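Enquirer: Give me a 3D structure for the following:
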Amino acid sequence: MSTPPRHLPRRLLQLYVGLVLYGASSALLVRAGLGLEPWGVLHQGLAELTGLSIGVVSIIVGAAVLLLWIPLRQRPGLGTVSNVFVIGLAMDATLAAVPAAHALAVRVPLLVGAIALNGVATGLYIAASFGPGPRDGLMTGLHRRTGRSIRLMRTVVEVAVVINGFALGGTVGAGTVLYAVSIGPLAQFFLRVFAVPRASEGSTVVATGSPARAILRP
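Expert: Numbering: from 1, shown residues only. Next up, the predicted model:
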């Protein structure tokens, strides 16, 4: 069931605030230096290899992954296309504004805060219902084409991403593990917090076409 038109401004605000906060949280994980989220490991590794900023690499990788949607017959939404550009730009802007942290007493709280902020951002942008990010659409597309579970497809893709990113110089550490075990519950909680009301009274909507088990992330 669709959301009423009057909720469109709220949904647009949620989408772009969520994407900006997602990019900022990813940048704070970089500054913490204790391990990145799976795709962040790959982005950082490619940035080390190419000399490009991690935000620009994120945009390029997002666009490349979006091309893989074509054989999977996935249809991008406004949120999908916005995801490619907004997160990368927000990452570079945050990295330019936030200096590197050196003391462990600063890096650990920065890591925890970045993961919590990532959960908030995920709930905001997915609950806006403008379509999944390119990387999550890849996983759900593989799920539909292969018949394998979303959990399996996500695990296979993200393990491959981490291994390749680490080999290229991306940071894997305690933060990577903490992110992996905590982002699911955080995302599910904030999806409920930011859910947009449906047209029917008293009900809410989460991201259209986004399986609940996917815990979609940009």
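Enquirer: need the helices for this structure, in chain order.
Expert: Remark: helices assigned in the chain by DSSP state H are 8-32, 38-50, 54-67, 69-72, 78-97, 104-127, 134-146, 150-167, 174-193.
Enquirer: Could you give me the buried positions within the first one?
Expert: Read that as helix 8-32. Buried residues in helix 8-32, defined by neighbour count with 16 or more other CB atoms under 10 Å: 11, 14-32. For every residue, glycine as well, the C-beta is placed using N, CA and C.
Enquirer: Averaged pLDDT, it. What do you get?
Expert: In this model, helix 8-32 carries a mean pLDDT of 96.
Enquirer: contacting residues around Phe189?
Expert: 119, 123 (CB atoms under 8 Å, 6 or more residues apart in numbering).
Enquirer: if we go to 7 Å?
Expert: Not one residue lies near Phe189 by CB atoms under 7 Å, 6 or more residues apart in numbering.
Enquirer: separation between it and Arg11?
Expert: Distance of Phe189 to Arg11, given as CB to CB, to the nearest Å: 19 Å.
Enquirer: how about the nearest residue to Arg10, chain neighbours excluded?
Expert: Spatially, and ignoring its direct neighbours in sequence, Arg10 is nearest to Val196 (6.5 Å; CB to CB, 6 or more residues apart in numbering).
Enquirer: beta partners of the one you found?
Expert: When bridges are called by DSSP bridges, Val196 pairs up with Val205.
Enquirer: Look up how far His7 lies from it.
Expert: Taking CB to CB, one finds Val196 at 5 Å from His7.
Enquirer: which intervals of this structure have sub-threshold pLDDT?
Expert: For the chain, applying pLDDT under 70 flags the ranges 1-4, 199-218.
Enquirer: correct me, but Leu46 touches Ser58?
Expert: No. In this structure, Leu46 is not within contact of Ser58 by CB atoms under 7 Å, at 9.1 Å.
Enquirer: Could you check which of those two has the larger neighbour count?
Expert: Taking other CB atoms under 10 Å, Leu46 and Ser58 do not tie; Ser58 has more neighbours (30 against 21).
Enquirer: For the more buried one, list the residues it contacts.
Expert: Counted by CB under 7 Å, 6+ apart, Ser58 has contacts 43, 87-88, 91.
Enquirer: from memory Val84 sits against Val57, does it?
Expert: No. Judged on CB under 7 Å, Val84 makes no contact with Val57 at a distance of 12.0 Å.
Enquirer: related to what we said a few turns ago, find the pair from the contacts of Ser58 with maximum spatial separation.
Expert: His43 and Ile87 (10.0 Å; CB to CB).
Enquirer: Cool, thanks, signing off.
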